[in-house]
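Student: quick one, what's the 3D model for this:
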Amino acid sequence: MRGAPRSELASGAVRALGCVAAFVLAGCGSGDRDGLVRVAGRVLFEGKPLPTGMVLFAPESNRGAGTARIDAGGRFATRLTPGNYVVVVRATNGADMMDKDGNFIQANSLVPVKYCDAGTSGLTLTVAPGMKSVELALEP
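Tutor: Numbering: from 1, shown residues only. So this is what the prediction gives:
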């Protein structure tokens, strides 16, 4: 009994690999199978990338708040539930500490204090599938 010709085996292997590749690639991209949308962008302060900090997204509804770390280039990325958010940006020159006498020393904010609170930041964002990159421009 002879097996299948080599060309048939090779053809079958190529088809199998094609199916596996299609399956794997179907899971790639911005996808929203879990209902979340990729939100990415930059934070600028006085026109320059903010080199550190966190972006906090407070939902107007009771659905999924989110956070994103700001990298050295001012970039951030996270995944959020579609909806409207108030945006807060926090960046300091270090961590809050206690001195040797037990006194609290608060780190200095690198951005105006108004951006550190959801009630005063004035920054809002509507998250929707397919959205483009976001630029958060902070002013003094």
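Student: so where is the protein shaky, pLDDT-wise?
Tutor: Counting by pLDDT under 70, the chain contains low-confidence residues at 1-33.
Student: please redo it, this time with the cut-off set to 80
Tutor: 1-33, 62-63, 96, 106 (pLDDT under 80).
Student: could I get the full set of helices for it?
Tutor: Assigned helices in the chain, in chain order: 6-26 (criterion: DSSP state H).
Student: in space, what's closest to Asp99 - neighbours in sequence excluded?
Tutor: Ile105 (5.7 Å; CB to CB, 6 or more residues apart in numbering). Using the backbone N, CA and C atoms, a C-beta is placed for each residue, glycine as well.
Student: need the contact list for that neighbour.
Tutor: 96-99 (CB atoms under 8 Å, 6 or more residues apart in numbering).
Student: filter those to the buried ones?
Tutor: By neighbour count, with 16 or more other CB atoms under 10 Å, these hold no buried member.
Student: can you tell me which of the residues you listed end up in strands?
Tutor: Using DSSP state E, the members of the contacts of Ile105 that fall in strands are 97-98.
Student: and which of the contacts of Ile105 is nearest to Leu50?
Tutor: Asp96 (19.1 Å; CB to CB).
Student: isn't that closest one up against Phe104?
Tutor: Yes - proximity of Asp96 to Phe104 meets the contact threshold set by CB atoms under 8 Å, at 6.9 Å.
Student: what is the neighbour count of the closest residue to Leu50 other than its chain neighbours?
Tutor: Distance criterion CB to CB, 6+ apart; nearest residue to Leu50, sequence neighbours excluded, is Val43 at 4.3 Å. As a burial measure, Val43 scores 29 neighbours (other CB atoms under 10 Å).
Student: list the contacts for Asn54?
Tutor: Small correction: residue 54 is Met, not Asn. By CB under 8 Å, 6+ apart, Met54 lies in contact with 67-70, 89-91.
Student: from Pro129, how far off is it?
Tutor: Distance, Met54 to Pro129, using CB to CB, to the nearest Å: 24 Å.
Student: Ala107 now?
Tutor: 37 Å.
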